[in-house]
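> Quick one, what's the 3D model for this:
(2 chains)
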Amino acid sequence: SQKIEQNSEALNIQEGKTATLTCNYTNYSPAYLQWYRQDPGRGPVFLLLIRENEKEKRKERLKVTFDTTLKQSLFHITASQPADSATYLCALDPNYGQNFVFGPGTRLSVLP
Amino acid sequence: EAGVAQSPRYKIIEKRQSVAFWCNPISGHATLYWYQQILGQGPKLLIQFQNNGVVDDSQLPKDRFSAERLKGVDSTLKIQPAKLEDSAVYLCASSLVSGKLGEQFFGPGTRLTVL
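Reported below is the predicted structural model:
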């Protein structure tokens, strides 16, 4: 069956360290993958989109990798800050229709 | 630029009652989405509109859920009758362009509790 899995439910890291979040998928062949941030009581906010032929993409302190062989995307936040604490969702293109399918999310807490 | 507006923010009803949610997308955005997000899960697409036409409603439980987008702007999502498992946050999103490269902008959501 098709499945999207993200890190264990919660990830705690110390301020200043690099946070690495994982998105693994099974029985999908996505051409695109997105990452979103969601704060409590708010809707998701789009962060980055990466295509299958782009191994890596960066935006400020954010870096996303996409490995179609491992069927995995990694999302890195360097020099993490308490303000980065949120739930991070990956979403992939299931290669049918126009829309993305979301993973369950990982709740990141950056401790001061 | 104003964001996606949703109301109400919270709603508590008893099972078998009906409920309606309203969404006003960002001005000029032709594509509108409704998602259901159950606690601890990612959003699940219920329906996508392009202007006032339905593009994808494959995951909408049509026996109890309905949605419309009159005049291609505002949209309402209705549940009738509600079940306990409908307790979730209902998110509305809009995008300027449809398709996989169209960035979606989400509203704050309506938290529905069915007792």
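
> what's the nearest residue to residue 71 if we skip its chain neighbours?
Because you didn't say which chain, this covers chain A. With sequence-adjacent residues excluded and distances taken as C-beta to C-beta, 6 or more residues apart in numbering or on different chains, residue A:71 is closest to residue A:25, at 5.2 Å. For glycine as for every other residue, the C-beta is placed from the backbone atoms N, C-alpha and C.

> my bad, the chain I had in mind was chain B
Distances taken as C-beta to C-beta, 6+ apart place residue B:52 nearest to residue B:71, at 6.5 Å, with adjacent residues excluded.

> Also residue B:97?
The spatial neighbour of residue B:97 that comes closest, neighbours along the chain excluded (C-beta to C-beta, 6+ apart), is residue B:31 at 7.1 Å.

> Look up the pLDDT of the one you found for me, please.
pLDDT recorded at residue B:31 is 93.

> Can you name the residues bridging to it?
residue B:50, residue B:95 (DSSP bridges).

> ok, it touching residue B:101?
No - taking contacts as C-beta atoms under 8 Å, residue B:31 lies outside contact range of residue B:101: 11.8 Å.

> and the two? which has more neighbours close in?
Neighbours per residue, other C-beta atoms under 10 Å in any protein chain shown: of residue B:31 and residue B:101, the larger number sits with residue B:31, 20 against 11.

> What distance do you get for the more buried one to residue B:54?
Distance, residue B:31 to residue B:54, by C-beta to C-beta, to the nearest Å: 11 Å.

> Give me the common contacts of those two.
Taking C-beta atoms under 8 Å, 6 or more residues apart in numbering or on different chains as the contact rule, residue B:31 and residue B:54 both touch residue B:48.

> picking up where we left off before, beta partners of the residue nearest to residue A:71?
Under the criterion used here (DSSP bridges), residue A:25 is bridged to residue A:4.

> got a list of what it touches?
Residue A:25 makes contact with A:2-5, A:71-72, A:92, A:103, according to C-beta under 8 Å, 6+ apart.

> Show me which of these is closest to chain B.
The nearest member of the contacts of residue A:25 to chain B, counting by C-beta to the nearest C-beta, is residue A:103 at 5.3 Å.

> Can you report how many residues neighbour that closest one?
25.

> I'd like to know how far the residue sitting nearest the centre point of chain B sits from chain A.
Chain B has residue B:34 as the residue nearest its centroid, 2.8 Å off, counting by C-alpha atoms, centre = their mean. Residue B:34 sits 12 Å away from chain A, taking C-beta to the nearest C-beta, to the nearest Å as the criterion.

> ok, that residue touching residue B:77?
Yes - here residue B:34 reaches residue B:77: they are 5.0 Å apart, a contact under C-beta under 8 Å.

> Now list whatever residues contact both of those two.
Overlap of the contact sets of residue B:34 and residue B:77 (by C-beta under 8 Å, 6+ apart) consists of B:23, B:46-47, B:67, B:90, B:92.

> Among the residues you listed, which are located in helices?
Among the shared contacts of residue B:34 and residue B:77, no member is found in helices (DSSP state H).

> List buried residues within the residues you listed.
Buried members of the shared contacts of residue B:34 and residue B:77, counted by 16 or more other C-beta atoms under 10 Å in any protein chain shown: B:23, B:46-47, B:67, B:90, B:92.

> roughly how far out does the helix or strand of chain B with the lowest mean pLDDT sit from the chain middle?
Across the helices and strands of chain B, the lowest-confidence element by mean pLDDT, DSSP states H and E is strand B:53-56, at a mean of 92. A distance of 13 Å separates the centroid of the chain from that of strand B:53-56, by C-alpha atoms, centre = their mean, to the nearest Å.
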